[in-house]
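Chemist: here is a sequence with its predicted model. Questions after.
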Amino acid sequence: YFFKSKSFSQRIRVRFNFHLVDCFKKPFILTPFRILLRYYRGLKRFIIRWPYGFLSFFETFEHIMYNKIPPNSKILKYIKDIKPNLVLIPTSATDIGGIDCVRICNDENINSMYLVDNWDNLSSKTIIRFKPDYIATWGQQTLEHAEKIQGINKDSCKIIGTARYDQ
């Protein structure tokens, strides 16, 4: 997903220290050394973490991993007791509670809807592995991110605005 959004590539550069922020401080004579040190540390961190990220590309491994981690039992019991028609999930799309809700709803054949918390969460925070039935977004740009980056069907996305600015 590196090329789906500029935010993802920026996040990788920052996470693995492949950016040059604070390398050009005094004394300037040490700048090349700081740059080399920064890239060395980032490359070392990348080499250690890369195999784990690579394994997540394989759906089989991903399913094994998620099947070994059961959803939150309290959320599961609550949803099974209530048996709703639709579960509304206010989320940033990265929180484990929201992910568990969607997993449970998908298993129980219950409709689920993400109420995306911010305008940039779908373009910069995560790739949604467990897709809800519907996504409510702040505006047109977030709706396009849901479709192009997250692979959500456009008919499943609705623009509802934000409680921070709209009533």
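Modeler: Thanks, I have the structure now.

Chemist: least trustworthy helix or strand in this structure by mean pLDDT?
Modeler: helix 6-15 (a mean of 69; mean pLDDT, DSSP states H and E).

Chemist: strands of this structure, start to end?
Modeler: Listed in chain order, the strands of the chain (DSSP state E) span 86-91, 111-116, 134-137, 157-159.

Chemist: need those in TSV (columns: distance to residue 7 and mean pLDDT).
Modeler: The way it works is simple: take the backbone N, C-alpha and C, and place the C-beta from them, glycine included. Shown next, in TSV, are the strands of the chain (distance: least, C-beta to C-beta, whole Å; pLDDT from 0 to 100):
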stretch	distance to residue 7	mean pLDDT
strand 86-91	18	92
strand 111-116	15	93
strand 134-137	16	92
strand 157-159	19	92
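
Chemist: how much space between the residue positioned nearest the centre of the chain and residue 99?
Modeler: By C-alpha atoms, centre = their mean, the mean C-alpha position of the chain lies nearest to residue 126, the distance being 1.5 Å. Distance, residue 126 to residue 99, by C-beta to C-beta, to the nearest Å: 9 Å.

Chemist: now residue 30
Modeler: 44 Å.

Chemist: more neighbours, these two?
Modeler: Taking neighbours as other C-beta atoms under 10 Å, residue 30 and residue 99 compare with residue 99 leading, 21 against 12.

Chemist: what about residue 47, how many residues nearby?
Modeler: Counted by other C-beta under 10 Å, the residues lying close to residue 47 total 10.

Chemist: can you check the pLDDT for it?
Modeler: pLDDT, residue 47: 82.

Chemist: equivalent analysis for residue 55, please.
Modeler: We have a pLDDT of 64 for residue 55.

Chemist: please report phi then psi for residue 132.
Modeler: Note on residue 132: its backbone torsions stand at phi -70, psi 170 [degrees, to the nearest 10].
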